[in-house]
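K.L.:
Have a look; sequence and predicted model below, questions after that.
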Amino acid sequence: MAANSVDKELLKGTTPFLVLHLINSRDLYGYQIIRHIRVLSGDTFSFKEGTLYPILHGLEKNRFISSYWQESSVGRKRKYYRISEEGKQELAARLAAWSTFTRAVGLLLASEVPADDD
């Protein structure tokens with residue numbers, strides 16, 4: 001595995017959470033989400049459109065986000081995504097779960113397996 005790559009299976013379950021986190025900051029369109037994920041992760045995560053848009057559609061289907069079209073300064077229409085109240089609640093729940101998960105993994109990785117008492 002390359003130095004700056006992550007096993008796709010590790011990332012798989014966290015992508016909706018990462019997308020919700022970004023959209024919670026402000027309304028974003030697809031390319032902005034892709035760019036922010038790449039830049040803010042130090043080029044560790046790199047999403048393709050074929051990865052992002054099914055995630056966005058799933059979040060929208062679950063009513064965690066909504067979308068709207070807006071014309072850009074260059075006259076091109078872009079589809080923006082906005083987090084909903086349900087999405088904010090989901091994000092808070094995922095943040096709590098993530099905190100629990102990373103704490104537990106950290107504890108395990110910092111520990112040695114004790115000798116059996118058998």
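P.N.:
Happy to help now that I have it. It should be emphasised that the depicted structure is a prediction, and the values quoted were computed from it without experimental measurement.
K.L.:
Pick out the residue nearest the middle of the chain.
P.N.:
In the chain, the centroid-proximal residue (CA atoms, centre = their mean) is L18; its distance is 1.5 Å.
K.L.:
pretty sure that one is touching T44, no?
P.N.:
No - with contact defined as CB atoms under 8 Å, L18 does not count as touching T44 (11.4 Å). In this view, the C-beta of every residue, glycine as well, is placed from N, C-alpha and C.
K.L.:
for the chain, which spans come out with low pLDDT?
P.N.:
Scanning the chain with the threshold set as pLDDT under 70 gives 1-5, 117-118.
K.L.:
Do a quick rundown of the helices in this structure.
P.N.:
8-12, 15-25, 30-40, 49-61, 85-109 (DSSP state H).
K.L.:
Distance to D116 for these - can I get that in CSV?
P.N.:
Below are these laid out as CSV (distance: least, CB to CB, whole Å):
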stretch, distance to D116
helix 8-12, 30
helix 15-25, 38
helix 30-40, 44
helix 49-61, 44
helix 85-109, 18
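K.L.:
For R78, find the nearest of these.
P.N.:
helix 30-40 (8.0 Å; CB to CB).
K.L.:
can you give me the angle the closest one makes with helix 49-61?
P.N.:
Relative orientation of helix 30-40 versus helix 49-61 (axes from the mean of the first three to the mean of the last three CA atoms, to 10 degrees): 110 degrees.
K.L.:
still on that earlier bit, let me know which of the helices of the chain is the nearest to V74.
P.N.:
Per CB to CB, nearest to V74 of the helices of the chain: helix 30-40, 13.1 Å.
K.L.:
Quick check: Y53 vs Y29, distance?
P.N.:
11 Å (CB to CB, to the nearest Å).
K.L.:
and if you look at K61?
P.N.:
From K61 to Y29 the distance is 19 Å (CB to CB).
K.L.:
Look at these two and report which has more neighbours.
P.N.:
Neighbour totals were compared for K61 and Y29, and Y29 leads with 16 against 9 (other CB atoms under 10 Å).
K.L.:
ok, for the more buried one, nearest residue in space, not its chain neighbours?
P.N.:
Distances taken as CB to CB, 6 or more residues apart in numbering place R78 nearest to Y29, at 4.2 Å, with adjacent residues excluded.
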